[in-house]
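Colleague: what's the 3D shape of this:
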Amino acid sequence: MNRVLVTGGAGTIGAAVVRRLLGDPAWEVRVSDQREAPQWMREGCEVHVGDLRDVEQARMATKGCSHVIHLAAIVGGIGNFHKLPHTLTEVNNALYNGVVRAALDCDVTRFTYVSSSMVFERATQYPTPESHIHDTPIPRSAYGFSKLTGEVYVRAAHDEHGLDYTICRPFNAYGPGEMPEDEPGIAHMVPDVIKKCLALPEGAPLPIFGDGTQTRTLTHIDDIADGIVTATASEAARNEDFNISAGDERTVAELAEIIWAACGRAPGDFALEHLPTYEVDVVRRWPDVSKAKDVLGWNARISDKDGIAQTVEWLRGALPA
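Modeller: Residues are numbered from 1 along each chain as shown. This is a model prediction of the structure:
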């Protein structure tokens, strides 16, 4: 039996990872988060509440665990990256300090670091393979840089101290569990656009950032969770990195149209209002997913259409009337 610590386990992806782990009898699960864990999580897991930037708290959370899946971080949408660049850099780097140090002190067998597609923010090769990380230009955004820093941390801990790691890079996570914010761009694209679409007056165009030609590869949180857990359990994933993603590249305009239809709006009424975008807005995001398939036997299964429909249904019930 392996005991795994999931940092940030009360977050959207974290909760999906915990659900996936609880469905597998090979794992005992401990969650560490400063947010309150939901009832189902408290019933199925050990729960540690504390600030993992504090090394002592990180050691308390990690003690007795054979594995760590590190998700705790400040995340969000493109607006968040521009609004809180120093805060997210400071917090995320402090979390790496605490959690990696604790993993070393507690003799963790495997450290799974959940990175981000934003490390490939300025990629020049498409579809983008994992090996491109050594050649892609450094991210311009503070968030992308902070997630790349986490990858450097775990590789350095391996090189100097022998900490075995696996790096997982989710691409464009979406799904039930993430609420949109009052200010557009603070949360991720899908909940933001769904909220706009549900509230839109009849005949009004749907606002999006940019001209809509920028591309994304949406990946449902349940697929991401399955990929992370599969990689964490795989011996072949030891000291390797993986793009954990679906493979379908779509323009933002195409995704907006899928959301429009899922919200029950008439296809013939679909129109876009193009808002000024941010200084850093990724033009193209399309990962090569062959390594995860070849090494792990893993691939994403949930289609954009099905996943967005599920997310719309969840948000209809979760948003204030």
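Colleague: and Ala225, what element?
Modeller: helix 221-233 (DSSP states H and E).
Colleague: pretty sure Thr232 is touching Val17, no?
Modeller: No: using CB atoms under 8 Å, Thr232 is not in contact with Val17, being 9.1 Å away. Every C-beta, even on glycine, is put in place using the N, C-alpha and C of the backbone.
Colleague: helix or strand with the lowest mean pLDDT in this structure?
Modeller: helix 78-83 (a mean of 64; mean pLDDT, DSSP states H and E).
Colleague: helix or strand right after it?
Modeller: Next in sequence after helix 78-83, counting helices and strands by DSSP H and E, comes helix 85-105.
Colleague: give the rounded mean pLDDT of that following helix.
Modeller: Averaged across helix 85-105, the pLDDT comes to 95.
Colleague: and the average pLDDT for the helix or strand just after that helix is what?
Modeller: Using DSSP H and E, the next helix or strand after helix 85-105 towards the C-terminus is strand 110-114. The average pLDDT within strand 110-114 is 98.
Colleague: strand 110-114 versus helix 85-105: what angle between them?
Modeller: Going by axes from the mean of the first three to the mean of the last three CA atoms, to 10 degrees, strand 110-114 is angled at 170 degrees with respect to helix 85-105.
Colleague: partner strands of strand 110-114 and their direction?
Modeller: Paired strands of strand 110-114, with direction, are strand 67-70 (parallel), strand 165-170 (parallel) (DSSP bridges).
Colleague: so for the next helix or strand after that strand, what gets flagged as buried?
Modeller: As assigned by DSSP H and E, the chain's next helix or strand after strand 110-114 is helix 142-161. Using 16 or more other CB atoms under 10 Å as the burial criterion, the residues of helix 142-161 that qualify are 142-151, 153-155, 157.
Colleague: again with stretch 115-127
Modeller: 115-123, 127.
Colleague: a markdown table for these, including distance to Pro276?
Modeller: Output for these, formatted as a markdown table (distance: CB to CB, whole Å):
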| residue | distance to Pro276 |
| --- | --- |
| Ser115 | 29 |
| Ser116 | 24 |
| Ser117 | 23 |
| Met118 | 21 |
| Val119 | 26 |
| Phe120 | 24 |
| Glu121 | 19 |
| Arg122 | 21 |
| Ala123 | 24 |
| Pro127 | 29 |
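Colleague: list the contacts for Arg238?
Modeller: 110, 164-166 (CB atoms under 8 Å, 6 or more residues apart in numbering).
Colleague: now those residues in TSV, with distance to Leu5 and neighbour count?
Modeller: What follows is the contacts of Arg238, written out as TSV (distance: CB to CB, whole Å; neighbours: other CB atoms under 10 Å):
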residue	distance to Leu5	neighbour count
Arg110	11	23
Asp164	15	17
Tyr165	14	24
Thr166	14	25
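Colleague: among the residues you listed, which pair sits farthest apart?
Modeller: Spatial extent of those (CB to CB) is set by the pair Asp164 and Thr166 at 7.9 Å.
Colleague: any buried residues in stretch 57-66, and which?
Modeller: Buried, per 16+ other CB under 10 Å, within stretch 57-66: 57-62, 65-66.
Colleague: next one: stretch 281-291
Modeller: So, applying 16+ other CB under 10 Å, buried residues of stretch 281-291: 281-282, 284-289, 291.
Colleague: tell me the one among these nearest to Glu249.
Modeller: Nearest to Glu249 out of those is Trp286 (CB to CB; 3.9 Å).
Colleague: would you agree the closest one is in contact with Ala246?
Modeller: No: assessed by CB under 8 Å, Trp286 is found out of contact with Ala246, at 10.2 Å.
Colleague: between those two, what contacts are shared?
Modeller: Thr217.
Colleague: just the pLDDT for the residue of the chain most remote from its centre.
Modeller: Most distant residue from the mean C-alpha position of the chain: Gly203, 34.0 Å away (CA atoms, centre = their mean). pLDDT recorded at Gly203 is 92.
Colleague: quick one: contacts for it?
Modeller: Per CB under 8 Å, 6+ apart, neighbours of Gly203: Asp269.
Colleague: please repeat the previous calculation with a cut-off of 6 Å.
Modeller: Contact criterion CB atoms under 6 Å, 6 or more residues apart in numbering gives no residues in contact with Gly203.
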